[in-house]
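Participant: The sequence and its predicted three-dimensional model are supplied below.
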Protein chains: 2
Amino acid sequence: MPTTDDSRIDDRRMDAAGPDGGGLDARKAAILNAVVSEYIASAQPIGSQHVVDAPGVSVSSATVRSDMAALERDGYLDQPHTSAGRIPTDKGYRFFVDHLARPGSLDALGRQQVRQFFDHAHGEIEQMLERTSGLLADLTDCTAMVVGPSHDSAVIRSVQLVALGPRLALLVVVLADGAVQKQSIEFADEVDEARLAEAGARLAAHVLGAPLTRVRSKVAATGDRSTDAVISAGVRALRSLGSADAGDQLFVGGSSRMAAAFDAVDTVRSVLTILEQQLVVVTLLRDILDTGLSVAIGSEHGVEPLASCAIVVMPVSVGGEEAGTIGLLGPTRMNYPLALAAARVVGDRLGERLSEAGR
Amino acid sequence: MPTTDDSRIDDRRMDAAGPDGGGLDARKAAILNAVVSEYIASAQPIGSQHVVDAPGVSVSSATVRSDMAALERDGYLDQPHTSAGRIPTDKGYRFFVDHLARPGSLDALGRQQVRQFFDHAHGEIEQMLERTSGLLADLTDCTAMVVGPSHDSAVIRSVQLVALGPRLALLVVVLADGAVQKQSIEFADEVDEARLAEAGARLAAHVLGAPLTRVRSKVAATGDRSTDAVISAGVRALRSLGSADAGDQLFVGGSSRMAAAFDAVDTVRSVLTILEQQLVVVTLLRDILDTGLSVAIGSEHGVEPLASCAIVVMPVSVGGEEAGTIGLLGPTRMNYPLALAAARVVGDRLGERLSEAGR
DNA sequence: GTTCAGCACTCACTAGAGTGGAGTGCCAAC
DNA sequence: GTTGGCACTCCACTCTAGTGAGTGCTGAAC
């Protein structure tokens, strides 16, 4: 084994490329940094010549080549074909994100957009989340996903039965966080308004103050058979609302950006197909958050059609509790610092906003 | 002017190509029919040789060529370049749709899908419309747009004020068609539950039975200054709900199909960009319906980025009244008979379903 | 032993030439 | 009006260099 071990741990600080070499010597890290940065900007394989002028390198292209070869051996870079430049691998992007990328920030225009957005934001939460996804897409040129707060722990503030027809009523539930849920109920027999009102009041007494997920199925009988039937139908409806895994709402904005990110129309199609599946997306974002990451690159998230994509996630917290998630989807060669900065800023502002309104 | 007028009206019945020549002689119509049908199937320019075997033609390719030249002169066909076959123009598709296409129908599988869908359809209207858009996309391989019923004429069935905080309440309105709308209200001063209930009752008395769009702003004073303030805030909130042009909800399903329909990624991007603009889409569908068309082809609808698309629209009616719109978006070479059949069948079933639930 | 200039080599990309074939328009004959 | 025949057009494809960006290796210099 004649070659030296290039992947050894090396604590030397880097001078220009980033805060931390994190397992690569300073020059290799600087080279990797330059390759990733340039590739993100140009989408073209990067040759050794393009890297020599990068800060922290200052060696000849021959030396850069030998370092690049080592980086390729270690899995940070890849070569589309023998006589081409290098492209970062998922591992290369990962190292870039973890150790090299300096924290980004929005430019003046972006900051103004955010300020303006939250100054003028109005309307109910769903609208707001929908529009937030559009804002994020504009800021980052990625597709933005916003998952609304889960209502699992929210307490029931109001329950009401509204007659829509002789045998049809609508159960309307208001939760403490301002969410409104509804479920229509069809009765076997006609129910008059008085009975409906009576049943509604009983129902309210039974569940007010409890979370929607914890509605007890047993209710004390009133003695009136028909009223009891209405009440138990109401309880069933409530429980079905509470158990609905439908729960988390997803808002996707800027899906057209995916078409701009790839030139293979097949890739675009398969990514869009994923985005249409709410459950898949919500689960994906949750999984990434659960692993403790804020960025999932390429195959890290395990969704095969998104292998050439990276996802930035950011929890939105309201009063310390998680109240939603922000996700940004772009090609692996997306602008990570910008995406992270945008997600953080918008997530924070959104959290503040929700906590103002929420309780 | 040596050439004869080939676009003259001609009443002769066609033998095989369709019910009506509609301004072209029978053979030209048959040729156009064959070209459009084959082009829809193959997406390749169609040459004279491919057409001679089509029903209703039975002449030599030379004759077909001269007819095709005439059809091109009259604007029904186009040639990508001198030595290529012909492609239908928008006008050609229009003629095909109006006079040639025999009414299509869903295949057995499609019919089963529809039946199954409406047998198992459950949940509230929004969910249902969302899932309907997915069904339509599956059936037709187009992008489906479903516009929900407008609540303009629906009468207010219930109004409620729910306290969310000392100075925050939620106004919840239930309409006769089962729609629930909400608006949060922030008060300048704290409002106790009793006052809120009192104000809610007054509000209800004031507006119950009126359409949301016709809420009178004047309310009789109660004498209690603070209650009056709450009531007038409630009225303001109601009127803002009623005047909200937000109104019509749009559900888009199967936008990934657009990526399969075109191979130019630019086209895909611009189409997706349009689809992200709810207001544009809703207005577009409305405009097409208002012109009395059920199909808008290519540049007919005037939205430039959709110039290579066609749109099939179908009103959904509940008890004779228009209660929503179905739209199908595909490339101009989409399968019109199938799209029209699917839109009609699903629209009808959806209408029935909504009328069962609605009142 | 790290760095570097020099060198031979690789291979995608491009341009140009040649070819086949699908398709056309025209025309004289039926 | 219809048709077979014919010359023509021009795209799509293949093949052939030629170009150039990029590589890996090596031996000498620091």
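Facilitator: Structure's in. What do you need? Since the model is a prediction, treat every value here as computed from it, not as a measurement.
Participant: give me the residue from the stretch 51-200 of chain A nearest DNA strand C.
Facilitator: Residue nearest to DNA strand C within the stretch 51-200 of chain A (CB to the nearest atom of the strand): residue A:83, separated by 2.5 Å. Where C-beta positions appear, they are placed from N, C-alpha and C, glycine not excepted.
Participant: right, is the helix or strand that contains residue A:202 up against chain B?
Facilitator: If you go by DSSP states H and E, residue A:202 is part of helix A:193-207. No - counting by CB under 8 Å from any CB of the partner chain, chain B is not contacted by helix A:193-207; separation bottoms out at 10.4 Å.
Participant: Against which helices or strands is that helix packed?
Facilitator: Contacting helix A:193-207 under the criterion 3 or more CB pairs under 8 Å, 6 or more residues apart in numbering or on different chains; DSSP states H and E are the following elements: strand A:156-165, helix A:225-243.
Participant: Which among the ones you listed is found nearest to DNA strand D?
Facilitator: That would be helix A:225-243 among the helices and strands packed on helix A:193-207, by CB to the nearest atom of the strand, at 55.8 Å.
Participant: Can you give me the buried ones in that closest one?
Facilitator: By 16 or more other CB atoms under 10 Å in any protein chain shown, the buried positions in helix A:225-243 come out as A:226-235, A:237-239, A:241-242.
Participant: cool, and stretch A:186-194?
Facilitator: Using 16+ other CB under 10 Å as the burial criterion, the residues of stretch A:186-194 that qualify are A:187, A:191.
Participant: contact partners of it?
Facilitator: Contacts to stretch A:186-194, defined as CB atoms under 8 Å, 6 or more residues apart in numbering or on different chains, come from residues A:163, A:166, A:167, A:168, A:169, A:199, A:226, A:229, A:230, A:233.
Participant: Using PDB, write down the CA coordinates of the helix holding residue A:202.
Facilitator: Taking C-alpha atoms only, helix A:193-207 is exported to PDB below (Å, rounded to 0.1, in the frame of the first residue of the first chain):
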ATOM      1  CA  GLU A 193     -84.100  21.600  15.700                       C
ATOM      2  CA  ALA A 194     -84.800  21.400  19.400                       C
ATOM      3  CA  ARG A 195     -83.400  17.800  19.700                       C
ATOM      4  CA  LEU A 196     -80.400  18.900  17.700                       C
ATOM      5  CA  ALA A 197     -79.800  21.800  20.000                       C
ATOM      6  CA  GLU A 198     -80.200  19.600  23.000                       C
ATOM      7  CA  ALA A 199     -77.900  17.000  21.600                       C
ATOM      8  CA  GLY A 200     -75.400  19.700  20.700                       C
ATOM      9  CA  ALA A 201     -75.300  21.100  24.200                       C
ATOM     10  CA  ARG A 202     -74.800  17.600  25.700                       C
ATOM     11  CA  LEU A 203     -72.100  16.900  23.200                       C
ATOM     12  CA  ALA A 204     -70.400  20.200  24.200                       C
ATOM     13  CA  ALA A 205     -70.600  19.400  27.900                       C
ATOM     14  CA  HIS A 206     -69.100  16.000  27.200                       C
ATOM     15  CA  VAL A 207     -66.000  17.100  25.200                       C
END
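Participant: what angle sits between that helix and helix A:225-243?
Facilitator: 50 degrees (axes from the mean of the first three to the mean of the last three CA atoms, to 10 degrees).
Participant: what comes up buried for helix A:193-207?
Facilitator: Across helix A:193-207, burial judged by 16+ other CB under 10 Å covers A:195, A:196, A:198, A:199, A:200, A:202, A:203, A:204, A:206, A:207.
Participant: got a list of what the residue nearest to the fourth one when sequence neighbours are not counted touches?
Facilitator: In space, and not counting its chain neighbours, residue A:199 is closest to residue A:230: 3.9 Å by CB to CB, 6 or more residues apart in numbering or on different chains. For residue A:230, the contacting residues are A:161, A:169, A:187, A:191, A:195, A:196, A:199, by CB under 8 Å, 6+ apart.
Participant: Show me which of the residues you listed is closest to residue B:319.
Facilitator: residue A:169 (20.2 Å; CB to CB).
Participant: ok, and what's touching the helix or strand containing that closest one?
Facilitator: According to DSSP H and E, residue A:169 maps onto strand A:168-175. By CB under 8 Å, 6+ apart, the residues outside strand A:168-175 that reach it are A:151, A:154-164, A:180-187, A:191, A:196, A:212, A:230, A:234, A:237-238, A:241, B:158, B:160, B:162, B:170, B:172, B:174, B:178, B:180, B:357.
Participant: Any quick PyMOL command for the buried ones out of these?
Facilitator: Of these, the buried ones can be selected in PyMOL as follows, counting by 16+ other CB under 10 Å:
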select buried, (chain A and resi 151+154+156+157+158+159+160+161+162+163+164+180+181+182+183+184+185+187+191+196+212+230+234+237+238+241) or (chain B and resi 158+160+162+170+172+174+178+180+357)
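Participant: Now the residue of chain A found nearest DNA strand D: closest residue in space, sequence neighbours ignored.
Facilitator: Per CB to the nearest atom of the strand, residue A:47 is where chain A lies closest to DNA strand D, at 2.5 Å. Excluding the flanking residues, the one nearest residue A:47 by CB to CB, 6+ apart is residue A:85, at 3.9 Å.
Participant: which ones are touching that neighbour?
Facilitator: By CB under 8 Å, 6+ apart, residue A:85 lies in contact with A:44, A:45, A:46, A:47, A:48, A:50, A:79.
Participant: which residues are contacting stretch A:115-135?
Facilitator: Outside stretch A:115-135, the residues that touch it by CB under 8 Å, 6+ apart are A:113-114, A:144-146, A:148-149, A:178-179, A:249, A:251-254, A:324, A:326, A:346, A:349-350, A:353-354, A:357, B:182-184, B:246, B:276.
Participant: Out of these, list just those in helices.
Facilitator: Counting by DSSP state H, the part of the contacts of stretch A:115-135 found in helices is A:113, A:114, A:346, A:349, A:350, A:353, A:354, A:357.
Participant: give me the low-pLDDT residue ranges for the stretch 201-350 of chain A?
Facilitator: Applying pLDDT under 70 to the stretch 201-350 of chain A picks out residues A:244-247.
Participant: is it possible to export the helices and strands packed on helix A:193-207 to a markdown table including distance to DNA strand C?
Facilitator: A markdown table is the format used below for the helices and strands packed on helix A:193-207 (distance: least, CB to the nearest atom of the strand, whole Å):
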| stretch | distance to DNA strand C |
| --- | --- |
| strand A:156-165 | 60 |
| helix A:225-243 | 53 |
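Participant: ok, which stretches of the stretch 251-359 of chain A are strands?
Facilitator: Assigned by DSSP state E, counting those that start in this stretch, the stretch 251-359 of chain A shows strands spanning A:295-297, A:309-318, A:321-331.
Participant: For these, give me TSV that also has distance to residue B:32.
Facilitator: As requested, those are arranged in TSV below (distance: least, CB to CB, whole Å):
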stretch	distance to residue B:32
strand A:295-297	53
strand A:309-318	44
strand A:321-331	44
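Participant: Of those strands, which is nearest residue A:217?
Facilitator: The closest of those to residue A:217 is strand A:321-331. By CB to CB, the value is 27.8 Å.
Participant: In the closest one, which residues are buried?
Facilitator: Residues of strand A:321-331 classed as buried by neighbour count (16+ other CB under 10 Å): A:323, A:324, A:325, A:326, A:327, A:328, A:329, A:330, A:331.
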